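Student: take this sequence and fold it.
(chains A and B)
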Amino acid sequence: MRVLLAILWKDLVTEWRSRDRVIAMLVFSLLVVIVYHFALPAGTGSEVLVHTPGLLWVVFVFAALIGLNRAFAMELENDALSGLALVPVDRGWVFAGKAVSTALLLSIVQALAAAAFALVFDVDLSSRALALAGVFALGTLGIAPVGTLLAAMAVRTRFREVLLPILLLPALFPVLAGAVEGTAEVLRDGSPAFASVQLLLVVDGIYWIICFIGFDYVLDE
Amino acid sequence: MNGLGPVASKVRTASGALLGLLLIAYAWTVANAPVDSVQGVIQKILYVHPPLAYGAYLGFVITAICGALYLWKDDERWDRLAIAGAEVGVIFCTLMIVTGPIWAKGTWGKWWSWDPRLTVTLLLWFVYLAYLLLRSFGDGGARTARFAAVYGLVGVALIPLNYFVIEIFGGRGMHPENLERGSLGDGMGLPFLVGNLTLFVAFCWFVLLRWELENLRAASLLRAADPLARAREEIAT
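Tutor: Next up is the predicted model:
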């Protein structure tokens, strides 16, 4: 547990001092929102509202891919990954630290990207901000573990930036199905239905367990 | 030089010979099977499509189990069998995804439908394509094998999760629930049975051949890296 907090602290401090990961994720997300403006036919608010959940989660997944590619790339510099592998505790805690830091950074980007989306497309998200934040958090807690595990693999192959989305996207289907459905329910009814929350909780739990155990075989310097 | 153990190599030879006989019986029974009164000739895809599906899922399960055994026992032979399972599984799955739409166009009226079983299988196909890409983009050593084993386990965990998603959100299925006894028309049971048997034997033969190839490749790499052993072998022969 102390290792988790130490890694989390290290990642957040590094990020605070350089701020390059969050800025890259954010700029990219905003660009995707702008691309939406050109890609979608001009419509009234209610028409956009139907597509908002799916569009938002596409932005979030793209942002996560950008952030995850950097999460381990920076550990390759000065061979820091070997240092992490030598920490004399279960490597699962190293994994948990990295996954929590990724989840936190992604949450910041999600909040800002959703705000930009609401502003540009004139969709009212603020009145349901709390319920939306809950669904976003549950979705992010599903993306972070499996993304961290696969990023740690992809970064040590050739074509690492190409391989990560190919590995990650098929594995995200259960998370995205629950998150998009939950977001749609919040926008329609004000709160997510039990089924989508249940699905997200189950998938998050299973992914955290598999990835916690699997990371031991992935970090192997 | 044999790349398989004595038992596995006997099974491989036997399954190869059996496959030759079965293919003749398969072609004969399918050609003589009655033409479906509603669907017409296209219904004969039945004798190919579900057997391919069983092979595809079997290949992926072999990959996951052998990956887990590799992580546990640290014995490279399991990893090589996992490669064989994934490659043959992807081929069976690809053929299933190709034959499916042809049948669907003839009976459902459209090439593709987001039917639950179809969606899950398509996602699984992508997982195992990614698995093969991970293997070919890696350095080819023990690290790649470990990565692939972990990814194979994530992939197999996705099967129940994806079905859970579809159960919760109520996808409408167009595939029959189950082939119950008697749900096949008269005279269709035998060719279906022979089809399943033939493609199962073909699956085993392919997996064993692929496993042998991988074992031989590993052995030859080992020999190339060790000139002393090679010289000793040459003296012995």
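Student: list the residues that contact B:Arg230.
Tutor: Applying Cβ atoms under 8 Å, 6 or more residues apart in numbering or on different chains, one finds that B:Arg230 lies in contact with B:223-224. From N, CA and C alone the C-beta is placed, and that goes for glycine too.
Student: and it, how far from B:Ala218?
Tutor: Computed as Cβ to Cβ, to the nearest Å, the B:Arg230 to B:Ala218 distance reads 15 Å.
Student: buried set for the lowest-mean-pLDDT helix or strand in chain A?
Tutor: Ranked by mean pLDDT, DSSP states H and E, the helix or strand of chain A with the weakest confidence is helix A:80-85, at a mean of 79. For helix A:80-85, burial by neighbour count (16 or more other Cβ atoms under 10 Å in any protein chain shown) applies to A:81, A:84.
Student: same deal with stretch B:44-58?
Tutor: So, applying 16+ other Cβ under 10 Å, buried residues of stretch B:44-58: B:44-53, B:55-58.
Student: need the residues you listed in CSV (columns: pLDDT and distance to B:Arg223).
Tutor: Compiled in CSV, the buried residues of stretch B:44-58 are given as follows (pLDDT from 0 to 100; distance: Cβ to Cβ, whole Å):
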residue, pLDDT, distance to B:Arg223
B:Lys44, 83, 49
B:Ile45, 84, 46
B:Leu46, 84, 48
B:Tyr47, 87, 45
B:Val48, 87, 41
B:His49, 89, 43
B:Pro50, 87, 43
B:Pro51, 89, 39
B:Leu52, 91, 38
B:Ala53, 89, 40
B:Gly55, 92, 34
B:Ala56, 92, 35
B:Tyr57, 91, 37
B:Leu58, 93, 33
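Student: of those, closest to B:Phe164?
Tutor: B:Tyr57 (16.9 Å; Cβ to Cβ).
Student: thinking B:Pro191 is in contact with B:Ile45, fair?
Tutor: No. Contact criterion Cβ atoms under 8 Å: B:Pro191 and B:Ile45 do not qualify, at 11.8 Å.
Student: circling back to that earlier point, now the least confident helix or strand of chain A - C-alpha only, PDB.
Tutor: Taking only C-alpha atoms (Å, rounded to 0.1, in the frame of the first residue of the first chain), the coordinates of helix A:80-85 have been written out as PDB:
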ATOM      1  CA  ALA A  80      13.500   3.600 -14.400                       C
ATOM      2  CA  LEU A  81      11.300   0.500 -15.100                       C
ATOM      3  CA  SER A  82      14.100  -1.800 -13.800                       C
ATOM      4  CA  GLY A  83      14.100   0.300 -10.600                       C
ATOM      5  CA  LEU A  84      10.300  -0.200 -10.200                       C
ATOM      6  CA  ALA A  85      10.700  -4.000 -10.900                       C
END
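Student: just checking, what packs against that helix?
Tutor: helix A:45-76, helix A:91-121 (3 or more Cβ pairs under 8 Å, 6 or more residues apart in numbering or on different chains; DSSP states H and E).
Student: what is the mean pLDDT for the longest helix along chain B?
Tutor: Taking DSSP state H as the criterion, chain B has its longest helix at helix B:189-225. Model confidence over helix B:189-225, given as mean pLDDT, is 88.
Student: out of the helices and strands packed on helix A:80-85, nearest to chain B?
Tutor: Shortest distance between chain B and the helices and strands packed on helix A:80-85, using Cβ to the nearest Cβ, is found for helix A:91-121: 11.7 Å.
Student: got the angle for the closest one vs helix A:45-76?
Tutor: 150 degrees (axes from the mean of the first three to the mean of the last three Cα atoms, to 10 degrees).
Student: near chain A at all, stretch B:91-105?
Tutor: No. Applying Cβ under 8 Å from any Cβ of the partner chain, one finds stretch B:91-105 out of contact with chain A, separated by at least 12.9 Å.
Student: can you list the residues that contact that stretch?
Tutor: B:42-43, B:45-46, B:48-49, B:52-53, B:55-56, B:59-60, B:110-113, B:118, B:121-122, B:124-125, B:128, B:199, B:203, B:206.
Student: what does chain A have sitting close to chain B?
Tutor: A:146, A:149-150, A:153, A:156-159, A:163, A:166-167, A:169-171, A:173-174, A:177-178, A:181, A:195-196, A:198-199, A:202-203, A:206, A:210, A:214, A:217-218, A:220.
Student: try it again at 6 Å.
Tutor: Within chain A, the positions adjacent to chain B are A:153, A:157-159, A:163, A:166-167, A:170-171, A:173-174, A:177, A:195, A:199, A:203, A:210, A:214, A:217-218 by Cβ under 6 Å from any Cβ of the partner chain.
Student: PyMOL command for the buried members of the residues you listed?
Tutor: In PyMOL, a selection of the buried entries from the residues of chain A next to chain B looks like this (16+ other Cβ under 10 Å):
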select buried, chain A and resi 153+157+163+166+167+170+171+173+174+177+195+199+203+210+214+217+218
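Student: show me the residues of chain A next to chain B that map onto helices.
Tutor: Counting by DSSP H, the residues of chain A next to chain B place A:153, A:163, A:166-167, A:170-171, A:173-174, A:177, A:195, A:199, A:203, A:210, A:214, A:217-218 in helices.
Student: of all those residues, which comes closest to B:Ile235?
Tutor: Distances from B:Ile235 to these, taken by Cβ to Cβ, are shortest for A:Tyr217, at 40.7 Å.
Student: what strand or helix carries the nearest residue to that closest one once chain neighbours are set aside?
Tutor: Excluding the flanking residues, the one nearest A:Tyr217 by Cβ to Cβ, 6 or more residues apart in numbering or on different chains is B:Arg146, at 4.7 Å. Assigned by DSSP states H and E, B:Arg146 belongs to helix B:142-169.
Student: by mean pLDDT, show me the worst of the helices and strands packed on helix A:80-85.
Tutor: Among those, helix A:45-76 scores lowest, with a mean of 87.
Student: please compute how far that helix lies from its chain's middle.
Tutor: 7 Å (Cα atoms, centre = their mean, to the nearest Å).
Student: can you give me the buried ones in it?
Tutor: Neighbour counts using 16+ other Cβ under 10 Å place A:48-49, A:52-53, A:55-57, A:59-72, A:74-75 of helix A:45-76 among the buried residues.
Student: do the same with stretch B:34-45
Tutor: So, applying 16+ other Cβ under 10 Å, buried residues of stretch B:34-45: B:43-45.
Student: hmm, who's touching whatever helix or strand B:Ile65 lives in?
Tutor: Secondary structure assignment for B:Ile65, by DSSP H and E: helix B:49-73. Residues from elsewhere that reach helix B:49-73 (Cβ atoms under 6 Å, 6 or more residues apart in numbering or on different chains): A:217, B:78-79, B:81-82, B:85-86, B:88-89, B:92-93, B:95-96, B:99, B:149, B:152-153, B:156, B:195-196, B:199, B:203.
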